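Visitor: A predicted structure for the sequence below; I have some questions about it.
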Amino acid sequence: MDDEEREVAWLAMPEKAPVMDQAGEEIGRAEELLGDKEGDIFHGIVVRLAHGGRNVEVRADRIPKITTRRVYTDLAADELEQLPEYR
């Protein structure tokens, strides 16, 4: 079994993947992919925040990398509270 963390396409994001902030701290878990699968257009992900349990939307342009184990964002910890709630 290949256990190495490697970059994957957005459609291959692991279910409930840990989502990391800019500093490498886990900020929550990926709940849902947002995009057009047929058109291969990635819009972002829904993240359930570890603190507060809100579901928020993280836009694709804030996600530099998705791997076999995690989703990496360029969000600073203080930006999390400003993220729009996902409904």
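Guide: Ah, there it is. Computed from a predicted structure; not experimentally measured.
Visitor: where along the chain do the strands fall?
Guide: Secondary structure of the chain (DSSP state E): strands located at 18-20, 26-36, 41-49, 55-59, 65-66, 71-72.
Visitor: residues in contact with the last one?
Guide: Translated: strand 71-72. Residues from elsewhere that reach strand 71-72, judged by C-beta atoms under 8 Å, 6 or more residues apart in numbering: 13, 17-20, 30, 45, 47, 63-66. C-beta: built from backbone N, CA, C; applies to glycine.
Visitor: partner strands of that strand and their direction?
Guide: strand 18-20 (parallel), strand 65-66 (antiparallel) (DSSP bridges).
Visitor: for these, which one sits closest to residue 39?
Guide: strand 65-66 (17.9 Å; C-beta to C-beta).
Visitor: what mean pLDDT does that closest one have?
Guide: The pLDDT scores in strand 65-66 average 98.
Visitor: again with stretch 79-87
Guide: 89.
Visitor: quick check: buried residues in it?
Guide: 80, 83, 86 (16 or more other C-beta atoms under 10 Å).
Visitor: and the closest residue to residue 4 other than its chain neighbours, what are its phi and psi?
Guide: Excluding the flanking residues, the one nearest residue 4 by C-beta to C-beta, 6 or more residues apart in numbering is residue 68, at 7.6 Å. Backbone torsions of residue 68, given as degrees, to the nearest 10, read phi -70, psi -10.
Visitor: deepest-packed of the strands paired with strand 71-72, please.
Guide: strand 18-20 (a mean of 20; mean count of other C-beta atoms under 10 Å).
Visitor: other residues contacting that one?
Guide: With C-beta under 8 Å, 6+ apart as the criterion, strand 18-20 contacts 26-30, 45, 47, 58, 69-73.
Visitor: what do you get if the cut-off is 10 Å, keeping everything else the same?
Guide: 13, 26-31, 45-50, 56, 58, 63, 65-67, 69-73, 75 (C-beta atoms under 10 Å, 6 or more residues apart in numbering).
Visitor: list only buried entries from the residues you listed.
Guide: Buried among the contacts of strand 18-20 (16+ other C-beta under 10 Å): 13, 27-31, 45-49, 56, 58, 63, 66-67, 70-73, 75.
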